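Trainee: Dropping the sequence and predicted coords here.
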Amino acid sequence: MGRWTIEQIDDVAVVTMTSNKVNALDDDFFTDLQAAIAELQSAAPLPVVLTGTGTCFSAGLNLLELWEYDETTLAAFVDRLSETLLAWFSLPRPTIAAVNGHAIAGGCVIALACDLRIVVDNEDAQIGLNEVQVGIPFPGVPFEIARHALSPTRLREVTLTGALYTPEEARARGLVDEVVEADKLIERAVGVARAISPDSLDAYATIKAHLLAPTLTRLTETRPRLDRDFLDVWFSESARRQMNEVRARLLARHRDRRGLRHLDPLRAVAPGVTRGRRRACDRERTGSDAAHRRAGRRQRVRDPRVQPRLRAREGQRREARVVGRRADAGASRAS
């Protein structure tokens, strides 16, 4: 299969997402999800637990990569995202999301596509559907998955406000079903999955298919229109301005010099998050090679040949920070 791992624990298949540090949704992520689905379907039928690593379950769309797509490429990506999510959503066996940390936007949809959701008891973890804060709506399949999982009142609240919630706040809104201590997360998720005996799995699959049938039927009608609306808004001037502000904050706070793939989702779409809430994701990024990077940076700064380039880069960073602060101030005034 792909980069994900599937481990059997007490007759439960525990799938760990490891596409990137925050499991941002991009082509690589959906390649890995498709490979995991194929492996699960080819093996003996077992209940499934889906989880991540560190303090992020999934940070949602990889905005920096998708920003560069033209309409044809983005439409193809939305089709692939939708078909893969549907395959996971309708997997004919128990699926339990063990949400180990942040589940934001599309990352929250991944959790909602599971039958039950158990989240780590960590007030720093943020969970929600904040697409409106980024300036974009939902494609058809993610929206119908959210509509299936949430009551109409809660669906209206979480999608129209775009708020990010603590685990207890998320549980109160139906985004998750249970909150447990971090060291008990996988144990509890496996226990819930094992509550369905092997001899009951066929019955479970049949009941699940009946529960999903209205949503899948509705999708045949709503998906083309919702996907079209998503693309129209994505390429509108207002959405591009809003997404560009998010990109500016991402770039301004980017610390990983090896690429743009593993970025802090909280700083991009929730600029009001406190410093304490940011430290968890900071620790995920700053590994043991931090000292080597600092040493190399000091050596380059002393080299007179690179000083003009460093000054130019610092100017670009200052400009990006100014854009980020203006966006933050605008968001504060709007609230």
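Mentor: On my side now, so go ahead.
Trainee: ok, residues contacting stretch 131-141?
Mentor: Here stretch 131-141 makes contact (Cβ atoms under 8 Å, 6 or more residues apart in numbering) with 63, 78, 81-82, 85-86, 89, 105, 129, 143, 146, 159-162, 219, 222-227, 229-230, 233-234, 238-239, 241-243, 246, 269-270. Glycine gets a C-beta too; all of them are placed from N, C-alpha and C.
Trainee: Select only the buried ones of these in ChimeraX?
Mentor: To isolate the buried subset of the contacts of stretch 131-141 in ChimeraX, counting by 16 or more other Cβ atoms under 10 Å, use the following:
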select :63,78,81,82,85,86,89,105,129,143,146,159,162,219,223,226,227,230,234,239,242,243,246,269,270
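Trainee: Give me the subset of the contacts of stretch 131-141 lying in helices.
Mentor: Residues of the contacts of stretch 131-141 located in helices (DSSP state H): 63, 78, 81-82, 85-86, 89, 143, 146, 159-161, 219, 222-227, 229-230, 233-234, 238-239, 241-243, 246, 269.
Trainee: in this protein, which spans are strands?
Mentor: Along the chain, the segments classed as strands by DSSP state E run 5-9, 12-16, 48-51, 56-58, 95-99, 102-104, 116-120, 127-128, 178-180.
Trainee: okay, those strands, which one's buried deepest?
Mentor: Stretch with highest mean neighbour count among these: strand 102-104 (a mean of 32; mean count of other Cβ atoms under 10 Å).
Trainee: Report how many residues lie close to residue 144.
Mentor: Neighbours of residue 144 under the rule other Cβ atoms under 10 Å: 23.
Trainee: just residue 152 next, same as before
Mentor: For residue 152, the neighbour count with other Cβ under 10 Å is 8.
Trainee: could you dump the strands of the chain to JSON lines with mean pLDDT and distance to residue 188?
Mentor: Listed next are those as JSON lines, based on pLDDT from 0 to 100; distance: least, Cβ to Cβ, whole Å:
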{"stretch": "strand 5-9", "mean pLDDT": "95", "distance to residue 188": "12"}
{"stretch": "strand 12-16", "mean pLDDT": "97", "distance to residue 188": "12"}
{"stretch": "strand 48-51", "mean pLDDT": "98", "distance to residue 188": "10"}
{"stretch": "strand 56-58", "mean pLDDT": "97", "distance to residue 188": "15"}
{"stretch": "strand 95-99", "mean pLDDT": "98", "distance to residue 188": "8"}
{"stretch": "strand 102-104", "mean pLDDT": "97", "distance to residue 188": "17"}
{"stretch": "strand 116-120", "mean pLDDT": "98", "distance to residue 188": "6"}
{"stretch": "strand 127-128", "mean pLDDT": "98", "distance to residue 188": "17"}
{"stretch": "strand 178-180", "mean pLDDT": "97", "distance to residue 188": "5"}
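Trainee: Point out the one among the ones you listed that comes closest to residue 155.
Mentor: Among these, strand 127-128 comes nearest to residue 155, with 12.2 Å by Cβ to Cβ.
Trainee: Quick one: distance of the closest one to the chain centre.
Mentor: Taking the mean of its C-alpha atoms, strand 127-128 sits 9 Å from the chain's own mean (Cα atoms, centre = their mean, to the nearest Å).
Trainee: What helices and strands are in contact with that strand?
Mentor: strand 102-104, helix 106-112, helix 167-172 (3 or more Cβ pairs under 8 Å, 6 or more residues apart in numbering; DSSP states H and E).
Trainee: Now do residue 190 against residue 12, distance only.
Mentor: 5 Å (Cβ to Cβ, to the nearest Å).
Trainee: What is the burial count for residue 206?
Mentor: When neighbours are defined as other Cβ under 10 Å, residue 206 has 11 of them.
Trainee: Per-residue pLDDT of it, please?
Mentor: Here, the pLDDT recorded for residue 206 equals 98.
Trainee: so can I have CSV of the strands of the chain showing distance to residue 201?
Mentor: Supplementary listing: the strands of the chain in CSV, determined by distance: least, Cβ to Cβ, whole Å:
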stretch, distance to residue 201
strand 5-9, 15
strand 12-16, 12
strand 48-51, 11
strand 56-58, 25
strand 95-99, 12
strand 102-104, 27
strand 116-120, 15
strand 127-128, 29
strand 178-180, 22
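Trainee: out of these, which comes closest to residue 24?
Mentor: Short answer: strand 56-58, nearest of the strands of the chain by Cβ to Cβ, at 7.3 Å.
Trainee: How far off centre is that closest one?
Mentor: The answer for strand 56-58 is 6 Å, by Cα atoms, centre = their mean.
Trainee: Quick one: residues in contact with that strand.
Mentor: Applying Cβ under 8 Å, 6+ apart, the external contacts of strand 56-58 come out as 17, 21-25, 51-52, 97, 99-104, 106-108, 110-111, 265, 281, 284.
Trainee: Kindly report the domain assignment for the chain.
Mentor: As assigned by automatic domain parsing, the chain contains the domains 1-286, 294-335.
Trainee: Quick check: which of those domains is buried the most?
Mentor: By mean count of other Cβ under 10 Å, these have domain 1-286 as the most buried, with a mean of 19.
Trainee: All set now, cheers.
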